[in-house]
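>>> turn this into a model:
(2 chains)
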2 protein chains.
Amino acid sequence: MIMKSKNETKIVGESGKQEIIITREFEAPRELVFKAYTDPELLKLWLGPRGYEMHVDKFDARSGGEYRYIHTGKNGEEYAFRGVFHDITAPESAVQTFEFEGAKGHVSLDSAKFETLPDNRTRVTSISVFQSVADRDMMLRSNMETGVKEGHERLDELFEQGLVK
Amino acid sequence: MIMKSKNETKIVGESGKQEIIITREFEAPRELVFKAYTDPELLKLWLGPRGYEMHVDKFDARSGGEYRYIHTGKNGEEYAFRGVFHDITAPESAVQTFEFEGAKGHVSLDSAKFETLPDNRTRVTSISVFQSVADRDMMLRSNMETGVKEGHERLDELFEQGLVK
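Have a look, this model is predicted:
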């Protein structure tokens, strides 16, 4: 049985702006949340919607490193993503570029901030800025919301099961 | 004697947005303009305002490469900048992150597009998107306009002198 999380994923994309701001709290200390976001062995267990296998082609989580991963659906459909890490400051923040290879040339800059909350909890604030309002709107119209929310729920489950340590 | 360029640098930062769009035309074919933007030996001859020496610490102009350079003023004051190249597609486009080390944590995503115009001329369109409107406004309030315009005039002079080939 999957428990409904008490933590909600908040996705804000204000009209006419070229950013998306996502906030989410987790029932785990900052070091472990940061690790879940930057260790490819953990990341592939939770990132993205349910029902996809995630294969990590490369994931060199240091300032100047590159990453690329592929989500494969049940009918074999593939979605590949790539980018570079501008800055990784453990366990506080990560700044990286992001591009869906199916929409090549449309790149965003994603900044994640990890904040310690009382009771060993953590808040993650992610800001994605796009090259245009049109690019930002394209992302909002895609099914990104489901993927982000289900990903966060899958990460909740990893913490509940003690799989991040 | 320095000729006044017939080409104007246009810098647009619309109120309330988090981007700056810079357009400039050059009296040189696209391959040479692209080269002047991505070859560190040429870049250090023109990038930035007059009166500064530019030292290139690293400049690995390929998708996934890193760069860092320092401008030194007449009184020894230093301004260092760094980032990563998300994508370099010669001679069409370059997408990279950008950070002034004096304002660490404030990063922009810079996309330059190089278009061929008639008569062996080239238009460069650069879009910088910032993590917030405040960051964008901070950049507009800095003396970036002088630096950008003088840099473009210095590049005009390199083309006039046949130093880019």
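
>>> buried set for the helix or strand where A:Lys44 lies?
Taking DSSP states H and E as the definition, A:Lys44 sits inside helix A:40-46. The neighbour-count check on helix A:40-46 (16 or more other C-beta atoms under 10 Å in any protein chain shown) flags A:Pro40, A:Leu42, A:Leu43, A:Lys44, A:Leu45, A:Trp46 as buried. Where C-beta positions appear, they are placed from N, C-alpha and C, glycine not excepted.

>>> and what of stretch A:154-165?
Under the neighbour-count criterion of 16+ other C-beta under 10 Å, stretch A:154-165 has A:Arg154, A:Leu155, A:Asp156, A:Leu158, A:Phe159, A:Val164 buried.

>>> pLDDT on it, on average?
In this model, stretch A:154-165 has an average pLDDT of 96.

>>> end-to-end on it?
End-to-end distance for stretch A:154-165: 16 Å, by C-alpha to C-alpha, to the nearest Å.

>>> which residue ranges of chain A form strands?
When assigned using DSSP state E, the strands of chain A occupy the ranges A:10-12, A:19-26, A:53-59, A:66-72, A:78-89, A:93-100, A:107-117, A:121-130.

>>> mind putting the ones you listed into a markdown table with mean pLDDT?
Shown next, in a markdown table, are these (pLDDT from 0 to 100):
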| stretch | mean pLDDT |
| --- | --- |
| strand A:10-12 | 97 |
| strand A:19-26 | 98 |
| strand A:53-59 | 97 |
| strand A:66-72 | 98 |
| strand A:78-89 | 98 |
| strand A:93-100 | 98 |
| strand A:107-117 | 98 |
| strand A:121-130 | 98 |
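
>>> export the ones you listed to a markdown table and tack on mean neighbour count and distance to chain B?
Below are the strands of chain A laid out as a markdown table (neighbours: other C-beta atoms under 10 Å in any protein chain shown; distance: least, C-beta to the nearest C-beta, whole Å):
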| stretch | mean neighbour count | distance to chain B |
| --- | --- | --- |
| strand A:10-12 | 13 | 13 |
| strand A:19-26 | 20 | 7 |
| strand A:53-59 | 14 | 9 |
| strand A:66-72 | 18 | 4 |
| strand A:78-89 | 20 | 4 |
| strand A:93-100 | 21 | 4 |
| strand A:107-117 | 20 | 4 |
| strand A:121-130 | 20 | 5 |
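
>>> between the buried residues of helix A:40-46, which sits nearest chain B?
Nearest to chain B among the buried residues of helix A:40-46, counting by C-beta to the nearest C-beta, is A:Pro40 at 16.5 Å.

>>> wait, isn't the closest one in contact with A:Asp60?
No: the criterion here is C-beta atoms under 8 Å, and A:Pro40 misses it with A:Asp60 at 9.2 Å.

>>> got any residues that touch both of these two?
Listed as contacting both A:Pro40 and A:Asp60 by C-beta atoms under 8 Å, 6 or more residues apart in numbering or on different chains are A:Tyr67.

>>> the buried residues of stretch A:154-165: which two are farthest apart?
Farthest pair in these (C-beta to C-beta) is A:Arg154 and A:Val164. Separation: 11.7 Å.

>>> residue nearest the middle of chain A, spatially speaking?
A:Leu47 (6.2 Å; C-alpha atoms, centre = their mean).

>>> what sits against that residue?
So A:Leu47 contacts A:Met54, A:Tyr69, A:Gly151 (C-beta under 8 Å, 6+ apart).

>>> swap in A:Gly16?
Contacts for A:Gly16 (C-beta under 8 Å, 6+ apart) come out as A:Val133.

>>> equivalent analysis for the one 10 residues further on, please.
By C-beta under 8 Å, 6+ apart, the residues touching A:Phe26 are A:Asn7, A:Val33, A:Arg121, A:Thr122, A:Arg123, A:Val124, A:His152, A:Leu155, A:Asp156, A:Phe159.

>>> if we use 7 Å, what do you get?
Neighbouring residues of A:Phe26 by C-beta atoms under 7 Å, 6 or more residues apart in numbering or on different chains: A:Asn7, A:Val33, A:Arg121, A:Thr122, A:Val124, A:Leu155, A:Asp156, A:Phe159.

>>> can you point me to the longest helix in chain A?
Identified as the longest helix of chain A according to DSSP state H is helix A:144-160.

>>> before we move on, back to that, now render the strands of chain A as TSV, adding distance to B:Glu14.
Shown next, in TSV, are these (distance: least, C-beta to C-beta, whole Å):
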stretch	distance to B:Glu14
strand A:10-12	21
strand A:19-26	15
strand A:53-59	37
strand A:66-72	33
strand A:78-89	25
strand A:93-100	23
strand A:107-117	19
strand A:121-130	15
